[in-house]
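Trainee: Give me a model of this one.
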Amino acid sequence: MHEQKIVGRNPVLEALIGNRKIHKILIARVVERKGAVNEIFRIAAQKGIEVSEVEKKVLDKLSKAHQGVVAFSDEKKNASIDDILKIAGQRGEKPFIALLDGVEDPQNLGAILRTAECAGVHGVVIPEKEAVGLTHGVAKASAGAIEHLPVATANLASAIEILKRKGIWAVGADMEAEQIYYEVNLNRPIALVLGGEDRGLSRLVKQRCDFLVRIPTKGKIKSLNVSVAFALLAYEKLRQEKVFMRREE
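Mentor: Below you'll find the predicted structure:
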């Protein structure tokens, strides 16, 4: 298994809290032992993980955005769709999954993973190719969410068919759709499907969605950043669940 860098204070801290096997941690001598850095020292000591204090220039050679902390670990293992569904079952919740069709910007993918983890998404599925993978840039942008959220790679068109056979509805975001996103019932087992930055949903993925929804805009720009669009859809689902629960009470 290849060794992987984890860069930044929060990503390293979340990796320590999670189940990632970390081999060693490098911390710049100039960094104060407080906040997240203090927690890194504390948890690393508990787990018997080597921490070395080094000159800042050593970390500069490894990354431009290290925040004084770099860790080396085993590569993060990809999950499977079954792993994601198992988590929903263990929590006793309706499956809530994100499928990302060709997101290429590490900042966007990281932001989506962060939002997904906060919104209670059970897992994310990304394509096997033609998209950004789980790079350390993605990990940093996720603020550590990547350590707690299963990510699977698959052919997305096939993945949608698998999920639909398991009773999960695929809702795709498309700026040409007739229905507005809050007009569709999201209080059910859902896979939110969003396209890449430039081309949106691919033809085959779009065809396999049960519903297509759009997010209305009033300005001259017709579409939102994909990470912002995902946040709106994910939290609309949570809003609808809350409304439903109140009605049941």
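Trainee: The closest residue to Leu16 other than its chain neighbours: how many residues sit nearby?
Mentor: Spatial nearest neighbour of Leu16, excluding adjacent residues (C-beta to C-beta, 6 or more residues apart in numbering): Ile43 at 4.6 Å. All C-beta spots, glycine's among them, are computed from the backbone N, C-alpha and C. By the criterion of other C-beta atoms under 10 Å, Ile43 has 17 neighbours.
Trainee: Check Glu3 too.
Mentor: 10.
Trainee: now could you export just the CA positions of the helix or strand bottoming out on mean pLDDT in the chain as PDB?
Mentor: When the helices and strands of the chain are scored by mean pLDDT, DSSP states H and E, helix 136-141 comes last with a mean of 80. Extracted C-alpha coordinates of helix 136-141, given in PDB (Å, rounded to 0.1, in the frame of the first residue of the first chain):
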ATOM      1  CA  HIS A 136      -4.500  15.700  -0.100                       C
ATOM      2  CA  GLY A 137      -5.900  18.900  -1.600                       C
ATOM      3  CA  VAL A 138      -9.300  17.400  -1.400                       C
ATOM      4  CA  ALA A 139      -8.700  16.200   2.200                       C
ATOM      5  CA  LYS A 140      -7.600  19.700   3.300                       C
ATOM      6  CA  ALA A 141     -10.600  21.400   1.600                       C
END
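Trainee: Mind checking what helix or strand follows that helix in sequence?
Mentor: Going down the chain from helix 136-141, the next helix or strand is strand 151-153, by DSSP states H and E.
Trainee: average pLDDT for that next one?
Mentor: Per-residue pLDDT values across strand 151-153 average out to 93.
Trainee: what do you get for stretch 67-79?
Mentor: Averaged across stretch 67-79, the pLDDT comes to 85.
Trainee: Could you do stretch 191-202 as well?
Mentor: Mean pLDDT, computed over stretch 191-202, is 91.
Trainee: Just the buried positions in it, please.
Mentor: For stretch 191-202, the neighbour count (16 or more other C-beta atoms under 10 Å) marks 191-196, 200-202 as buried.
Trainee: okay if I get the residues you listed as a markdown table plus distance to Met175 and secondary structure?
Mentor: Formatted as a markdown table, the buried residues of stretch 191-202 follow (distance: C-beta to C-beta, whole Å; DSSP: H, G, I helix; E, B strand; the rest coil):
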| residue | distance to Met175 | secondary structure |
| --- | --- | --- |
| Ala191 | 19 | strand |
| Leu192 | 15 | strand |
| Val193 | 14 | strand |
| Leu194 | 11 | strand |
| Gly195 | 10 | strand |
| Gly196 | 13 | strand |
| Gly200 | 7 | strand |
| Leu201 | 10 | coil |
| Ser202 | 15 | coil |
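Trainee: how about the residues you listed in TSV, adding distance to Lys222?
Mentor: Listed next are the buried residues of stretch 191-202 as TSV, based on distance: C-beta to C-beta, whole Å:
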residue	distance to Lys222
Ala191	24
Leu192	20
Val193	19
Leu194	15
Gly195	14
Gly196	16
Gly200	11
Leu201	15
Ser202	19
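Trainee: where does Pro216 fall, phi/psi-wise?
Mentor: Main-chain dihedrals, Pro216, degrees, to the nearest 10: phi -70, psi 150.
Trainee: Touching, it and Gln179? I think so.
Mentor: No - if you go by C-beta atoms under 8 Å, Pro216 and Gln179 don't touch, sitting 10.7 Å apart.
Trainee: Comparing those two, which residue is more hemmed in?
Mentor: Neighbour count, other C-beta under 10 Å: between Pro216 and Gln179, Gln179 has more, with 13 against 9.
Trainee: I figured Glu93 was touching Lys86, is that so?
Mentor: No - Glu93 lies out of contact with Lys86 (C-beta under 8 Å); the separation is 11.7 Å.
Trainee: I'd guessed Val132 sits against Ala139; true?
Mentor: No - at 11.4 Å, Val132 and Ala139 do not qualify as touching, with contact defined as C-beta under 8 Å.
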